[in-house]
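Q: Okay, predicted coordinates and the sequence, questions at the end:
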Amino acid sequence: MTAARPPTASEGFRLPTLSARAALRGLAGFLLALAFWFGFSRPYETTVAAAAQALTNLFESPDVTRLSAGSGEFRLDRRDFPPGSARPGLPAPDIHFNFVLLAALFAMEPRPLEGRHLARFLAAAAVLWVIHVIALVFQIQSVYATSLGAWSNAHYGRFATNFWATGWHFYQIAGRFAAPFALWWFFGRRDLEPTVEKPGHRRAKKRKRRTG
Amino acid sequence: MSEGPGSARRRSLGFLLRFVVLLVVFYLIVASRPVNDAVIVPFTAGIASVSGRLLNALGERAEVVGTEIRSSSFGVNIENGCNGVETALLFGAAVLAFPSSWPRRLLGLLAGFVAIQFLNLFRVITLFWIGLHRPALFNSSHTVIWQSVVVLFGVLLFLFWASRERRLSAESSTADERSRRG
């Protein structure tokens, strides 16, 4: 009998198994999510626009921001914009394409359609929806703070301009790619679930070892 | 020796916290104007230059000006988010957040960065080709498909590196234990 050595720091980590099957599942998940994304982008964008408008209006007095979704854009309107002036269009896929990434990562796990795993995926997708809403609010405020000339300077100070513009830029450069990875790492990893041993399983194993 | 799921979850959350902090730090470095002007823009121009040469070698008549690749009927400007740096930041933050020795981390960072840039070069070339010959497919290929593929590749690279690192770490720890016992 030998004494067990303590585990190294990296050994204490549980990691999902990388295999050809996992890659195939990931690919299938990616393609399915892509089809879903193409099919349901428009209604999804409508919900994101409604929530972002409500959130923006909360901090406005009077509430003037109006958002609508269509043709792959969030159209930004304000009731105090001069009639006939151009309304900014914010590209929608830039905000929410990362749903495909989240689905592909969740699909890599064994038995991706099993109830508990699916529930975890839905929870992660719900958090991702909240992230999309917040990202859109940051984008709107960034447009207000930096793109409306004298109006921007009059209504946004230096700190506010940097805060909104940096927040939106962070989402564009790092946040939108990191969010699905972080959500999958937090919600989706089956290897972190506690294992439940079925009664009699251990005894059956022992018996097998004795006879085998 | 195995540990309970509670301990594994704590380590996992610790990793996630370090990952997010490192990502923010890397972003602040890369987004600062001096680093952007002195490193990121020339690096992106380098990607455009190599892509232009490869496109010309493949028979497309492409001209490169700074970070822009153009032909008589189509042009693309390689911007932040299209130069592979964003995936490299994600990969780098994950590798540094994972417990490992510094030489192995540096080796992983270097190999991962090179692999990500190779894939990104392929992405730039195919996107230019799609824009030139199948312009209707350009937007979805650019935003959804290729961005997702490159980031997924970065995540898979990290998982591959982390699994290998864990195995090597266990092997060297076992060898140390044996040699200590004589």
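A: Structure received. Numbering: from 1, shown residues only, chains lettered A, B, ... in the order given.
Q: Then B:Cys82 would be within a strand, right?
A: No - with DSSP: H, G, I helix; E, B strand; the rest coil as the criterion, B:Cys82 is coil rather than part of a strand.
Q: Give me the nearest residue to it, chain neighbours excluded.
A: Sequence neighbours aside, B:Val124 is the residue nearest to B:Cys82 in space, at 7.3 Å (criterion: CB to CB, 6 or more residues apart in numbering or on different chains). From N, CA and C alone the C-beta is placed, and that goes for glycine too.
Q: wait, the one you found sits on B:Ser51?
A: Yes - counting by CB atoms under 8 Å, B:Val124 sits close enough to B:Ser51 to count as a contact (4.5 Å).
Q: what's around the closest residue to chain A within chain B, how many residues?
A: Per CB to the nearest CB, B:Pro99 is where chain B lies closest to chain A, at 3.5 Å. Other residues within reach of B:Pro99, judged by other CB atoms under 10 Å in any protein chain shown, total 19.
Q: How much space separates it from A:Ala103?
A: 29 Å (CB to CB, to the nearest Å).
Q: Give me the distance between A:Ala104 and chain B.
A: 6 Å (CB to the nearest CB, to the nearest Å).
Q: With adjacent residues omitted, what lies nearest to that residue?
A: Of all residues beyond its chain neighbours, the one nearest A:Ala104 is A:Phe30 (3.9 Å), with distances taken as CB to CB, 6+ apart.
Q: Using neighbour counts, pick out the buried residues of the helix or strand that contains the one you found.
A: Using DSSP states H and E, A:Phe30 sits in helix A:20-58. With burial defined by 16 or more other CB atoms under 10 Å in any protein chain shown, the residues of helix A:20-58 counted as buried are A:22, A:25-26, A:29-30, A:33-34, A:37, A:41, A:44-45, A:48-49, A:51-53, A:56.
Q: Ok, stretch A:108-125 next?
A: So, applying 16+ other CB under 10 Å, buried residues of stretch A:108-125: A:Met108, A:Glu109, A:Pro112, A:His117, A:Arg120, A:Phe121, A:Ala124, A:Ala125.
Q: For chain B, tell me whether it is touching it.
A: No - Stretch A:108-125 stays clear of chain B (CB under 8 Å from any CB of the partner chain), getting no nearer than 8.7 Å.
Q: For B:Leu55, give me its contacts.
A: Residues counted as contacts of B:Leu55 (CB atoms under 8 Å, 6 or more residues apart in numbering or on different chains) are B:Ala62, B:Ile69, B:Ile125, B:Phe128, B:Trp129.
Q: where are the low-confidence patches of the chain?
A: No chain was given, so I picked chain A. Scanning chain A for pLDDT under 70 picks out A:1-14, A:16, A:189-212.
Q: To clarify, I was referring to chain B.
A: B:1-6, B:182.
Q: Can you identify each of the strands in it by residue range?
A: Using DSSP state E, the strands found in chain B span residues B:63-65, B:68-70, B:75-77.
Q: Grab the most central residue of chain A for me.
A: A:Leu128 (3.1 Å; CA atoms, centre = their mean).
Q: was I right about the residue nearest to A:Ala104 contacting A:Ala103?
A: Yes - with contact defined as CB under 8 Å, A:Phe30 reaches A:Ala103; the gap is 7.1 Å.
Q: can you give me the strands for chain A?
A: Applying DSSP E to chain A gives strands spanning A:65-70, A:73-78, A:89-91.
Q: These: which one's closest to B:Val85?
A: In terms of CB to CB, the element of the strands of chain A nearest to B:Val85 is strand A:89-91, at 20.2 Å.
Q: list the helices and strands that closest one packs on?
A: strand A:73-78, helix A:115-146 (3 or more CB pairs under 8 Å, 6 or more residues apart in numbering or on different chains; DSSP states H and E).
Q: Looking only at residue counts, what's the top helix in chain B?
A: Counting by DSSP state H, the longest helix found in chain B is helix B:147-181.
Q: just the angle between it and helix A:20-58, please?
A: Our comparison of helix B:147-181 with helix A:20-58, counting by axes from the mean of the first three to the mean of the last three CA atoms, to 10 degrees, yields an angle of 120 degrees.
Q: ok, B:Glu177 - how many residues close by?
A: 14.
Q: cool, and B:Phe118?
A: 12.
Q: any idea how far B:Glu86 is from it?
A: In terms of CB to CB, B:Phe118 sits 16 Å off from B:Glu86.
Q: Find residues that contact each of B:Val124 and B:Ser51.
A: The contact lists of B:Val124 and B:Ser51 share B:Ile69, B:Ile78, where a contact means CB under 8 Å, 6+ apart.
Q: Give me the PyMOL select line for the contacts of B:Leu55, limited to the buried ones.
A: Remark: buried members of the contacts of B:Leu55, expressed as a PyMOL selection using 16+ other CB under 10 Å:
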select buried, chain B and resi 62+69+125+128
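Q: Can you convert the contacts of B:Leu55 into TSV and add a column each for distance to chain A?
A: Formatted as TSV, these follow (distance: CB to the nearest CB, whole Å):
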residue	distance to chain A
B:Ala62	25
B:Ile69	21
B:Ile125	21
B:Phe128	20
B:Trp129	20
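Q: Could you point out which of the contacts of B:Leu55 is nearest to A:Leu148?
A: Nearest to A:Leu148 among those is B:Ile69, at 32.4 Å by CB to CB.
Q: Contact partners for the closest one?
A: B:Ala48, B:Ser51, B:Gly52, B:Leu55, B:Ala62, B:Glu63, B:Gly75, B:Val76, B:Ile78, B:Val124, B:Phe128.
Q: ok, the last one touching B:Ser51?
A: So the one you mean is B:Phe128. Yes - in terms of CB under 8 Å, B:Phe128 counts as a neighbour of B:Ser51; the distance is 7.0 Å.
Q: what sits in contact with each of those two?
A: Common neighbours of B:Phe128 and B:Ser51 (CB under 8 Å, 6+ apart) are B:Ala62, B:Ile69.
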